[in-house]
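Participant: pasted the sequence and its predicted model underneath.
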Amino acid sequence: MSVFRIYPTKSNTMASGLYKNYNSGQNSVCDLWYGGGGTDTAPEKRNSYSRFIAKFDITDLQSKISNKEILTGNTVSYRLKMKNSIPKDKLLDPEYEFDILNKAVAASFDLICFPINKDWDQGRGYDLSKEYYLVRSRGDNPLTTGYSNWEYAKLGDAWDAPGVFVNPTASTAVTYYAQQHFDLGNEDIDMDITPIVNNWLSGGSQNNGLGIAYSRYFELLSTDTRYIASFFTENTNTAYKPFIEVTYNQAFIDDRLNVNNNRFCKLFLYTFSGNDAANYYSAGTVTIKNSSNVNIYTGLTPVQIDKGVYYVDVWMSGASKGQQYKDIWEGVTFNPGIDKQDYTQFFVVQDNYYFRNAPQVNAYSLVTYGIDNDSIISTDENIRIYCDLRVNFSTNAPKTNYDLQYRMVMNLQDEVIPWTSVNQAIIDKCPSNYFDLQTNWLLSNQTYEIQFRIKELGTARIQNEKIKFKVINKF
């Protein structure tokens, strides 16, 4: 399962009532609250609720989809994730503005995530509290430190309703939204926003970012205590920045050296421009011929599974072990009107797939190359990492017929990529295990570790080989 993260380019927490003109776009923590009546019964002064808004630039995602690095048909989900910053103690300091305002950590509540319907500015404010604002040298009114806020998206450009929408889930401008229940209140935000992102990608709505709010029931509660849930924003100095996690499944197995007559097998074509994978512009169909040049299959339609990687499914049901065939990929065109060519490749039918080998658990030697251990790499790298897997104490060719998997961990505690099968390719008759590592979505100044395991005959064994590296900004 491959993973790609999209981090916010800007965010802001804004609140109703007393705080409606304030902006906190530079705060490292988002405090979502409701309630807070206190002894002052004027709702516009004490009872209030806050909402968080964030913008995620999906340009890179659109580029990856356009050049087939990510196939929308293989995308599993888009999830919004935010790390809870709940304090160690359940008690929060009281606030003295007009009188004592009791605070408590919120529990047993629901948050919603909804798309925003207009562009907005982040603002320079730090906190939703007067003490953290620049104030006039004369007079008592605080200077708002930029827009957006509860009333305005930008200077002179008001929201359609205060707080973006009065009730987001009831607004006609909100086609899709997500919801999550919090039992204890210290859980992280983890919401499936797949319909929202798909709507952006299809052009059904414009990407102006996401809003996070309590469900309307909680926003309308009038309580003497202010209930608060806290989450890190992109301004945090920790590695706990919020992100959209793109999960997709594009690992593949090339059967060219393992074609059998009792199962469907995949035959692959890899296309390159120099040393880089490249998509062809168009192609015809694939024909399978025997050694006498007689057609066995015609009109097979190639399927793309990755950038420059295509396959067809074949079932050689009438073939005998040892027979050689060729697959002809017809009319492959990279530049219309300039080039058009056929690619011919060969394969030999092997013995029965299910019974030809006595099952056994092997010890393996794993060698990786493409990136050295303890490397320092920049945030603009695109690295193909090869993984040679051989049975220990043998000189056999690398193995690709077992499930070698990798995962990536940040700072030895945060799993960034879960266990994912490496690609099993056959390029120029050579078996190769590899996966691609793109660093433009990794956080800078963090340490990463790639770990490996082999899944074989019901076992899942961690290998000793690891790759550690650090990512830094390009400039």
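Facilitator: Okay, I see it. Numbers count the residues shown, from 1 in each chain.
Participant: and Thr333, what does it touch?
Facilitator: By C-beta atoms under 8 Å, 6 or more residues apart in numbering, the residues touching Thr333 are 280-283, 339-341. To be clear about C-beta, it is placed using only N, CA and C from the backbone, and glycine gets the same treatment.
Participant: please report the distance of it from Tyr214.
Facilitator: Distance, Thr333 to Tyr214, by C-beta to C-beta, to the nearest Å: 55 Å.
Participant: contact partners for the residue nearest to Ile328 when sequence neighbours are not counted?
Facilitator: Ranked by C-beta to C-beta, 6 or more residues apart in numbering and with sequence neighbours excluded, the top spatial neighbour of Ile328 is Thr287, at 4.7 Å. With contact set as C-beta under 8 Å, 6+ apart, Thr287 has these partners: 295, 297-300, 327-328, 330.
Participant: same check on Asn473?
Facilitator: Contacts here follow C-beta under 8 Å, 6+ apart; on that basis Asn473 touches 378-379, 444-445.
Participant: quick one, helices of the stretch 51-200 of the chain?
Facilitator: For the stretch 51-200 of the chain, the helices defined by DSSP state H, counting those that start in this stretch cover 59-66, 194-202.
Participant: tell me which of these sits most buried.
Facilitator: Across the helices of the stretch 51-200 of the chain, averaging neighbours per residue (mean count of other C-beta atoms under 10 Å) puts helix 194-202 on top, at a mean of 17.
Participant: pLDDT (mean, whole number) over that one?
Facilitator: For helix 194-202, the mean pLDDT works out to 96.
Participant: I'd assumed Gly35 was in contact with Thr225.
Facilitator: Yes: Thr225 lies in contact with Gly35 (C-beta atoms under 8 Å); the separation is 5.8 Å.
Participant: so for those two, which residue has more residues nearby?
Facilitator: Gly35 (25 against 17; other C-beta atoms under 10 Å).
Participant: leaving out sequence neighbours, find the closest residue to that one.
Facilitator: Sequence neighbours aside, Thr223 is the residue nearest to Gly35 in space, at 3.5 Å (criterion: C-beta to C-beta, 6+ apart).
Participant: quick check: chain neighbours aside, which residue is closest to Ala278?
Facilitator: Counting by C-beta to C-beta, 6+ apart, Gly308 is the residue found nearest to Ala278 once chain neighbours are left out, at 5.1 Å.
Participant: phi first, then psi, for the one you found.
Facilitator: Phi and psi for Gly308, reported as degrees, to the nearest 10, are phi 70, psi 20.
Participant: can we start the residue count at 376 from this point?
Facilitator: Sounds good: first residue 376 from here, last item Gly683.
Participant: how about it, what does it touch?
Facilitator: 443, 645-647, 652-654.
Participant: output the below-cut-off pLDDT ranges for the stretch 626-775 of the chain.
Facilitator: For the stretch 626-775 of the chain, the stretches with pLDDT under 70 are 729-735, 768-775.
Participant: now do the same for the closest residue to Asp558 other than its chain neighbours: its pLDDT.
Facilitator: In space, Asp558 comes closest to Ser483 once its chain neighbours are excluded; the distance is 6.5 Å by C-beta to C-beta, 6+ apart. Ser483 carries a pLDDT score of 96 in this model.
Participant: now for Ser483, how many residues are close by?
Facilitator: Neighbour count for Ser483, taken as other C-beta under 10 Å: 11.
Participant: for this protein, longest strand please?
Facilitator: Secondary structure of the chain read by DSSP state E shows that its longest strand is strand 834-847.
Participant: now that one: mean pLDDT?
Facilitator: Here the average pLDDT along strand 834-847 is 92.
Participant: which residues touch it?
Facilitator: With C-beta under 8 Å, 6+ apart as the criterion, strand 834-847 contacts 736, 739, 741-743, 746, 748-754, 760, 814, 817-829.
Participant: strand partners of that strand, parallel vs antiparallel please.
Facilitator: Paired strands of strand 834-847, with direction, are strand 750-753 (parallel), strand 821-831 (antiparallel) (DSSP bridges).
Participant: distance of Ile842 from Gln826?
Facilitator: Using C-beta to C-beta, one obtains 8 Å as the distance from Ile842 to Gln826.
Participant: so between the two, which is more surrounded?
Facilitator: Set side by side, Ile842 and Gln826 show more neighbours around Ile842, with 22 against 19, by other C-beta under 10 Å.
Participant: next, count neighbours for Tyr397.
Facilitator: Tyr397: 23 neighbours (other C-beta under 10 Å).
Participant: er, Pro537 I mean
Facilitator: Pro537 has 15 neighbours, counted by other C-beta under 10 Å.
Participant: go on, Cys640?
Facilitator: Close neighbours of Cys640, defined as other C-beta under 10 Å, add up to 23.
Participant: who touches the residue lying closest to it once chain neighbours are set aside in this structure?
Facilitator: Closest residue in space to Cys640, ignoring its immediate chain neighbours: Asp630 at 3.9 Å, by C-beta to C-beta, 6+ apart. Contact analysis of Asp630 by C-beta under 8 Å, 6+ apart lists 640-642.
Participant: my guess is the residue nearest to Gly410 meets Trp408, correct?
Facilitator: No: the criterion here is C-beta under 8 Å, and Thr598 misses it with Trp408 at 10.4 Å.
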